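Chemist: pasting the structure only:
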C-alpha cells in the first residue's frame with residue numbers, strides 16, 4: 001500500500017517513488033503484485049467521509065490520460081485501473097457497517113489551489129461562479145473526487161503490468177466550499193476508512209477474515 005505520507009504530494013514525488021519501487025519488485029523477481037494507493041481527497045457531489053474507489057484517473061480536462069514529457073516529446077499514456085480489483089474492493093466495503101463507498105473517476109491535478117478551482121490560495125484568477133461551473137462539468141464527466149497523484153500512478157502501474165487501485169476518502173464536498181469544517185475527531189475516523197477497507201481486502205486474500213470474525217465473536 002502507498003500512502004501520501006510515504007510517497008509525498010504530487011505527480012513528481014510519487015513518480016520517483018514508483019520508479020524505485022518497480023525496480024525493486026523486478027530485481028526481487030516478484031510476480032502477481034497488487035499495488036493500492038490510499039489517501040485523502042476532496043469529494044465532488046458526495047458526502048464527506050465517502051470512500052472513492054477509482055475506475056479511471058482523469059486529467060484537468062477530464063481525459064483518461066497522463067501526459068509525460070520524455071526528451072522533447074509528449075508521450076500520452078492510459079490511466080485506466082484494474083476494474084476487477086475495483087469491484088472486489090467495492091464488494092469488501094459492503095461488509096463494513098456504515099461505510100459509504102462508490103466507484104468513480106478521480107481527477108488528478110498539478111496544483112492544490114488554482115488547479116483544483118480553489119478560491120482560498122494566495123492567487124485566484126477566477127470567480128466563484130466560474131469555479132462552480134468547472135466543478136459541475138467535472139461531476140457530469142463522472143469525477144467524484146480530486147487529488148494529485150492518480151494519473152501517473154495508474155499509467156505507470158498499467159504500463160508495467162501491475163494490478164493497481166486507488167482508494168481515497170473524501171474530507172469535504174468541493175461543491176460546498178474549499179475549507180474542511182469537520183472536527184479533528186471526525187477527520188481521524190475518516191482517514192482510517194481506506195486503511196480499514198484495504199485491511200479487510202488483505203485478510204480475505206490471506207484467508208484470515210473469517211477466522212478474525214470467529215475470534216471476535218468468541219471474545220464477545
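Modeler: Structure received. What you are looking at is a predicted structure, and each value in this text was computed from that prediction instead of being measured. Residues are numbered from 1 along each chain as shown.

Chemist: ok, residue 108 - contacts?
Modeler: For residue 108, the contacting residues are 11, 57-60, 66, 146-152, taking Cβ atoms under 8 Å, 6 or more residues apart in numbering as the criterion. All C-beta atoms are positioned from the backbone trio N, CA, C, and that covers glycine.

Chemist: which ones are touching residue 103?
Modeler: With contact set as Cβ under 8 Å, 6+ apart, residue 103 has these partners: 52, 53, 54, 55, 86, 87, 90.

Chemist: quick check, it in a strand?
Modeler: Yes: secondary structure assignment (DSSP: H, G, I helix; E, B strand; the rest coil) places residue 103 inside a strand.

Chemist: report the beta-bridge partner residues of it.
Modeler: Taking DSSP bridges, one finds residue 53 as the beta-bridge partners of residue 103.

Chemist: and the gap between it and residue 194?
Modeler: According to Cβ to Cβ, to the nearest Å, residue 103 and residue 194 sit 14 Å apart.

Chemist: for residue 81, same thing?
Modeler: Summarising the geometry, the distance separating residue 81 from residue 194, computed by Cβ to Cβ, is 15 Å.

Chemist: rewinding a little: please check the contacts of residue 103 and keep the buried ones.
Modeler: Among these, those that count as buried by neighbour count (16 or more other Cβ atoms under 10 Å) are 52, 53, 54, 55, 86, 90.

Chemist: of all the residues you listed, which two lie farthest apart?
Modeler: 54 and 90 (11.3 Å; Cβ to Cβ).

Chemist: pull the number of nearby residues for residue 74.
Modeler: The tally of other residues near residue 74 (other Cβ atoms under 10 Å) stands at 8.

Chemist: helix/strand/coil for it?
Modeler: Reducing the assignment to helix, strand or coil with three-state DSSP, the entry for residue 74 is strand.

Chemist: just the one 3 residues further on next, same as before
Modeler: In the three-state summary, residue 77 is assigned as strand, counting by three-state DSSP.

Chemist: show me what contacts it?
Modeler: Contact partners of residue 77, counting by Cβ under 8 Å, 6+ apart, are 65, 66, 67, 68, 155, 158, 159.

Chemist: mind redoing it with 6 Å?
Modeler: Remark: with contacts taken as Cβ atoms under 6 Å, 6 or more residues apart in numbering, residue 77 is in contact with 66, 155.

Chemist: repeat that for residue 79.
Modeler: With contacts defined as Cβ under 6 Å, 6+ apart, residue 79 is in contact with 57, 64, 65, 66, 151, 154, 155.

Chemist: can we see that at 8 Å?
Modeler: Residue 79 sits next to 56, 57, 58, 64, 65, 66, 150, 151, 154, 155, 158 when contact means Cβ under 8 Å, 6+ apart.

Chemist: ok, the first one touching residue 81?
Modeler: Yes: at 6.7 Å, residue 56 and residue 81 qualify as touching, with contact defined as Cβ atoms under 8 Å.

Chemist: touching both of these two, which residues are there?
Modeler: residue 154.

Chemist: pull the longest helix from this structure.
Modeler: With residue count as the measure and DSSP state H as the assignment, the chain has helix 184-205 as its longest helix.

Chemist: quick one on the thing from earlier: can I get the contacts of residue 103 in a markdown table with distance to residue 200?
Modeler: A markdown table is the format used below for the contacts of residue 103 (distance: Cβ to Cβ, whole Å):
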| residue | distance to residue 200 |
| --- | --- |
| 52 | 17 |
| 53 | 13 |
| 54 | 18 |
| 55 | 20 |
| 86 | 15 |
| 87 | 15 |
| 90 | 12 |
